[in-house]
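# Compute the structure for the input listed below.
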Amino acid sequence: MSPDVPDWQETTVGAVASVSRGASPRPIASVRWFDVKSDVRWVRIADVNRSDGRTLRATTQAISADGIVRSRYLKPGTLIMSIAATVGIPVITGVPTCIHDGFVALENLQVDKRFLLYLLKASEQKLREAGQSGSQINVNSDIVRELTIHIPPDRREQDRIASMLWDVDELIASLELLIAKKQAIKQGMMQQLLTGRTRLPGFDDEWSDTKLGQVLRFQVGFPFSSRFFSSTPVGPRLVRNRDLRAGDAKIYFAGWASAEYALSAGDILVGMDGDFEPVTWHEPGALLNQRVGRLRLSERVSGPFLSYALIAPLKALENATGATTVKHLSHRDLEGLSMGLPGRDEQDAIAIALADVDAEIDMLRVRLRKTHTLKTGMMQQLLTGRTRLPVAGAS
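Numbers count the residues shown, from 1 in each chain. Now for the predicted structure:
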């Protein structure tokens with residue numbers, strides 16, 4: 001791609017950085033090369049993927065003195081990038097590290113380090129396309145050196161661009177942390193409120209140990225004929241097991257179906273194969289397909305309450321199935337479950353309290369998605385010079 005403004009320079013990574021490949025002590029599996037007491041960390045691609053995408057502060061392994069001699073040692077603050085298997089993932093080291101031959105180090109930089117980090121992130125697809133075909137995508141040091149990039153000559157502009165993108169990444173990280181905290185709060189609330197260990201104000205009646213078959217019926221979906229399936233909207237949608245997590249059904253049914261299997265908004269569905277997590281369905285007019293069950297509830301039980309209360313016991317049923325066995329749920333399994341049930345008013349109050357936390361989490365997730373979209377747009381504009389940032393003191 002040509003620079004979008006005349007004063008940006010076309011250059012290569014090798015012209016602005018020394019590119020050196022890592023080294024691996026052999027045989028790599030030998031315990032000789034690793035030492036849990038060492039301050040020098042051994043970098044693997046999994047460690048980079050677990051980082052925040054900017055600074056690598058932790059790894060699962062530390063390398064021994066013998067291993068350091070046979071690898072490539074790097075000081076904290078070194079820009080590195082993966083060149084094997086998962087190609088083109090850059091990060092800046094935050095601790096002393098050694099890299100193996102699946103990474104390159106970019107040192108002696110003639111460009112802002114963080115700016116180059118983001119340029120490399122934006123160049124991942126170009127590097128992957130340059131990788132040799134085979135069982136894995138790999139690039140060598142020369143391909144990295146010859147990678148064409150465009151940079152503003154003023155280091156202050158490079159720094160401004162990098163700082164703006166870094167700030168957006170900080171916002172993303174803070175939102176992810178806040179979501180994780182809210183999820184932990186919700187988990188604690190569920191453990192307390194759904195067991196009666198903590199009661200909401202105004203409720204003190206005894207809970208009754210109830211078999212679910214006394215308060216609900218588990219309706220199993222119908223085996224609709226696949227010859228009437230269509231990917232175009234020719235009839236009601238068909239909810240299959242695979243659609244539950246997505247919350248949306250992609251297949252339409254062009255045949256006749258009994259109203260008995262028509263879904264309503266607010267119905268609680270449970271997949272009967274694999275994942276037994278309850279899902280509240282929000283789209284009316286769909287049809288209940290085989291291997292998906294719907295809870296038909298009596299007035300004694302609140303649907304929203306049960307959608308939370310069933311998560312733990314259904315997960316226990318799922319985990320009780322052997323790992324090598326296909327997990328199946330029957331109506332007898334679910335209707336045979338017993339749990340403590342408060343009165344209907346308390347069920348509703350508990351569901352509202354938990355739903356309020358879910359609403360907060362959903363709003364944060366929406367904000368997180370929007371921030372990711374904002375960052376993508378900023379990278380497309382700022383890393384090409386299509387949008388310029390004023391630099392203090394520039395003429």
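# Is it correct that H372 falls within a strand?
No - per DSSP: H, G, I helix; E, B strand; the rest coil, H372 lies outside any strand segment and is helix.
# Skipping adjacent residues, who's closest to it in space?
In space, H372 comes closest to I172 once its chain neighbours are excluded; the distance is 6.6 Å by C-beta to C-beta, 6 or more residues apart in numbering. In this view, the C-beta of every residue, glycine as well, is placed from N, C-alpha and C.
# wouldn't the one you found be in contact with L368 here?
Yes - contact criterion C-beta atoms under 8 Å: I172 and L368 qualify, at 6.7 Å.
# Next up, the contacts around L119.
Counting by C-beta atoms under 8 Å, 6 or more residues apart in numbering, L119 makes contact with 149, 151, 383.
# how much space between it and I83?
According to C-beta to C-beta, to the nearest Å, L119 and I83 sit 16 Å apart.
# Please apply the same query to L317.
L317 is 45 Å from I83, where distance means C-beta to C-beta.
# which of these two has more neighbours?
When neighbours are counted by other C-beta atoms under 10 Å, L317 and I83 differ, and I83 comes out ahead with 25 against 18.
# What score does the residue nearest to H372 have for pLDDT?
I172 is assigned 97 on the pLDDT scale.
# do the same with R114
Value listed for R114 in the pLDDT field: 98.
# ok, now S2?
Reported pLDDT at S2 in the predicted model: 48.
# same deal with A394?
pLDDT recorded at A394 is 54.
# Now do the strands in the stretch 151-300 of the chain.
Using DSSP state E, counting those that start in this stretch, the strands found in the stretch 151-300 of the chain span residues 208-211, 216-220, 229-230, 237-239, 251-253, 268-271, 278-280, 287-288, 292-297.
# Export those strands to JSON lines and append columns for mean neighbour count and mean pLDDT.
JSON lines is the format used below for the strands of the stretch 151-300 of the chain (neighbours: other C-beta atoms under 10 Å; pLDDT from 0 to 100):
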{"stretch": "strand 208-211", "mean neighbour count": "12", "mean pLDDT": "96"}
{"stretch": "strand 216-220", "mean neighbour count": "18", "mean pLDDT": "97"}
{"stretch": "strand 229-230", "mean neighbour count": "15", "mean pLDDT": "95"}
{"stretch": "strand 237-239", "mean neighbour count": "24", "mean pLDDT": "96"}
{"stretch": "strand 251-253", "mean neighbour count": "19", "mean pLDDT": "96"}
{"stretch": "strand 268-271", "mean neighbour count": "22", "mean pLDDT": "96"}
{"stretch": "strand 278-280", "mean neighbour count": "18", "mean pLDDT": "94"}
{"stretch": "strand 287-288", "mean neighbour count": "24", "mean pLDDT": "96"}
{"stretch": "strand 292-297", "mean neighbour count": "20", "mean pLDDT": "97"}
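# Serialize these to CSV and add fields for distance to A309.
Shown next, in CSV, are those (distance: least, C-beta to C-beta, whole Å):
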stretch, distance to A309
strand 208-211, 11
strand 216-220, 12
strand 229-230, 34
strand 237-239, 22
strand 251-253, 31
strand 268-271, 11
strand 278-280, 9
strand 287-288, 22
strand 292-297, 11
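# Now do the buried residues in stretch 85-103.
Of all the residues in stretch 85-103, those buried under the rule 16 or more other C-beta atoms under 10 Å are 86-100, 102-103.
# before we move on, back to that, who wins for proximity to T198 among the strands of the stretch 151-300 of the chain?
T198 lies closest, by C-beta to C-beta, to one member of the strands of the stretch 151-300 of the chain: strand 208-211, at 18.2 Å.
# Can you name every helix or strand that that closest one contacts?
For strand 208-211, the elements it packs on are strand 338-341, judged by 3 or more C-beta pairs under 8 Å, 6 or more residues apart in numbering; DSSP states H and E.
# How about L329, nearest residue that isn't a chain neighbour?
Nearest to L329 is M272, by C-beta to C-beta, 6+ apart, at 4.5 Å.
# I'd guessed the one you found sits against N289; true?
No - using C-beta under 8 Å, M272 makes no contact with N289, being 10.4 Å away.
# Overlap of the contact sets of the two?
In contact with both M272 and N289: N241, using C-beta under 8 Å, 6+ apart.
# Sketch out the low-pLDDT regions of the stretch 51-200 of the chain for me.
Within the stretch 51-200 of the chain, the stretches with pLDDT under 70 are 132-137.
# can you give me the helices for it?
65-70, 113-122, 124-130, 141-145, 155-193 (DSSP state H, counting those that start in this stretch).
# Need the winner for burial among those.
Burial of the helices of the stretch 51-200 of the chain is given as mean neighbour count (mean count of other C-beta atoms under 10 Å); helix 113-122 ranks first at a mean of 21.
# Could you report the pLDDT at the residue nearest to L329?
pLDDT recorded at M272 is 93.
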